[in-house]
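**Q** what's the 3D shape of this:
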Amino acid sequence: MAEAFHNAYDVFVGRDMGGREYSVTPDLIGVYGNGTEDRNAWYRGTSPFGAAIAPALLFHSEVYRDLAWYLPNLIGNLHAKQEWEIFHPMLVGDTVRTHSTVVERYVRRNREYVVNEVLITDTNGRWLQRSRTHQSFLIEEGRAGFVVDKDREKQVDRKFVVGAGAGPELDPAEKTITIAMCQAFSGPHRSYHTDQEMARALGFPDIVVQGMLSVCFISEIMTRNFGAGWFCGGKLNVSLVNVVWPNDRLAVRGKVREAVPEGAKTRVHCDVWCEKPDGVKTIVGAASALR
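**A** Numbers count the residues shown, from 1 in each chain. Okay, here's the model as predicted:
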């Protein structure tokens, strides 16, 4: 067994993090809406799938329910990259099961990355979605001052070009991040996503808005633009490149890059990103859905 080869407390590729069972309820969807301000009518009434459905990323933070896969140095740790594949919608009233596994570790520059994959299935084992979360940890310890301050995003190496093609733009969204949204999305427990004192203890000058919130914003515009084609074959691969702070206003945008046949449907590939009013990008990458 792998556990006999590895130290039981090590974070190794193949480490089984277990899982949980959930009922998809209106209350859970309500909490999601409070955190994201995404209140699509499909979540409350009829949808193309008959009954009400859950937001595609309802269980956005399942990967963080057990942090035993984190590396010891928590100072300055950041959500770096997110991948998601959506195979089938979750209907209100469904029971779903999750399972989490450490699938990769790698080093880039002064950070070490751990990748945790979460698989969500129905009670018969059908795959509903799969996600991979890349969390980064500073290799060196004992740094003085803030690991990431609010001037970092102004540096030349923090500028990112995305959406430069000639394709049509997606219907966008605008979001102003409030403390109440942070507490609904990342609470109710205290963390550096909800409490300034804890954020400062981990090397940040202010609350760090949870990266998954921006990922959910991207999911919202993909739902708005592609409907059922997002819930039945949607894909997402984004990098979280700059920190979002409380009271930041984000434009959530996308642009079609190309459309290619996929069976009887067409897969539409898009550039997607979030940006602040001064043009600072906070998340950049790609998403696709079926038409």
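
**Q** Which parts of the stretch 1-150 of the chain are strands?
**A** With DSSP state E, counting those that start in this stretch as the criterion, the stretch 1-150 of the chain has strands at 16-18, 21-23, 78-86, 95-108, 111-122, 127-138.

**Q** Return the list of helices and strands in contact with the longest one.
**A** Right, the one you point to is strand 95-108. Applying 3 or more C-beta pairs under 8 Å, 6 or more residues apart in numbering; DSSP states H and E, one finds that strand 95-108 makes contact with strand 16-18, strand 21-23, strand 111-122. Heads up, the C-betas are built off the backbone N, CA and C, glycines and all.

**Q** for the ones you listed, which one ends up most surrounded?
**A** Comparing the helices and strands packed on strand 95-108 by mean neighbour count (mean count of other C-beta atoms under 10 Å), strand 111-122 ranks first with a mean of 19.

**Q** Give me the contact list for that strand.
**A** 11, 17, 59, 62-63, 69-71, 80, 88, 90, 94-107, 127-139 (C-beta atoms under 8 Å, 6 or more residues apart in numbering).

**Q** List buried members of these by neighbour count.
**A** Among the contacts of strand 111-122, those classed as buried by 16 or more other C-beta atoms under 10 Å are 11, 17, 59, 62-63, 69, 71, 80, 88, 90, 94, 96-98, 100-102, 128-129, 131-138.

**Q** Can you list the buried residues in the strand or helix carrying residue 184?
**A** With elements taken from DSSP states H and E, the one containing residue 184 is helix 179-186. Going by neighbour count (16+ other C-beta under 10 Å), the buried part of helix 179-186 is 181, 182, 183, 184, 185, 186.

**Q** so which of these comes closest to residue 205?
**A** Closest approach between the buried residues of helix 179-186 and residue 205, by C-beta to C-beta: residue 182, at 15.3 Å.

**Q** Pick the one among the buried residues of helix 179-186 closest to residue 244.
**A** Taking those together and measuring to residue 244 by C-beta to C-beta, the closest member is residue 182, at 9.7 Å.
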